[in-house]
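A.B. asks: Sharing a model that was predicted from the sequence below.
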Amino acid sequence: MRLILNVIWLVFSGLWMALGYLVAGVICCILIITIPFGIASFRIAGFALWPFGRTVVDRRDAGVGSFLGNVVWFVFAGLWLSIGHLLSGVALCITIIGIPLGLANFKLIPVSLMPLGKEIVELP
């Protein structure tokens, strides 16, 4: 079931959102000081491509630096990416078949707002 949902997700929402994360990651990596944001963006892009069967958990070693980085990320990229997830999630929830895909979009909103200090893990 995860494979079917991931393939449908990839076509209807995942590819487009992952491209948004890749663009944000490339821009962040061009500016040398924001490379940690670029790495986080690439990590989330992989999660946005294939979200079913994985989840996001907080890292125990995240500290004040992650919080401050998340504030900067929120202003420059996080707000815009989360609006994209919100709009595509609402659009997908209009149909019954799209409801699981819309919920997956809503699941990605917290990590798109604050990606630093998070880890993506496989579900058992």
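C.D. replies: Yes, it's here.
A.B. asks: So which residues of this protein form helices?
C.D. replies: 2-9, 15-30, 35-49, 64-73, 79-92, 99-113 (DSSP state H).
A.B. asks: which stretch among these comes nearest Val121?
C.D. replies: helix 35-49 (10.3 Å; CB to CB). (Each C-beta comes from the backbone N, C-alpha and C, glycine too.)
A.B. asks: Give me the buried stretch members for the closest one, please.
C.D. replies: For helix 35-49, the buried set under the neighbour-count rule, 16 or more other CB atoms under 10 Å, comprises Pro36, Phe37, Gly38, Ala40, Ser41, Phe42, Arg43, Ile44, Ala45, Phe47, Ala48, Leu49.
A.B. asks: Surely the last one touches Val7?
C.D. replies: Spelled out, it's Leu49. No - the criterion here is CB atoms under 8 Å, and Leu49 misses it with Val7 at 10.9 Å.
A.B. asks: burial count for the closest residue to Gly78 other than its chain neighbours?
C.D. replies: Residue nearest to Gly78 in three dimensions, not counting chain neighbours: Leu113, with 4.6 Å by CB to CB, 6 or more residues apart in numbering. For Leu113, the neighbour count with other CB atoms under 10 Å is 16.
A.B. asks: cool, and the one 10 residues further on?
C.D. replies: By the criterion of other CB under 10 Å, Leu123 has 8 neighbours.
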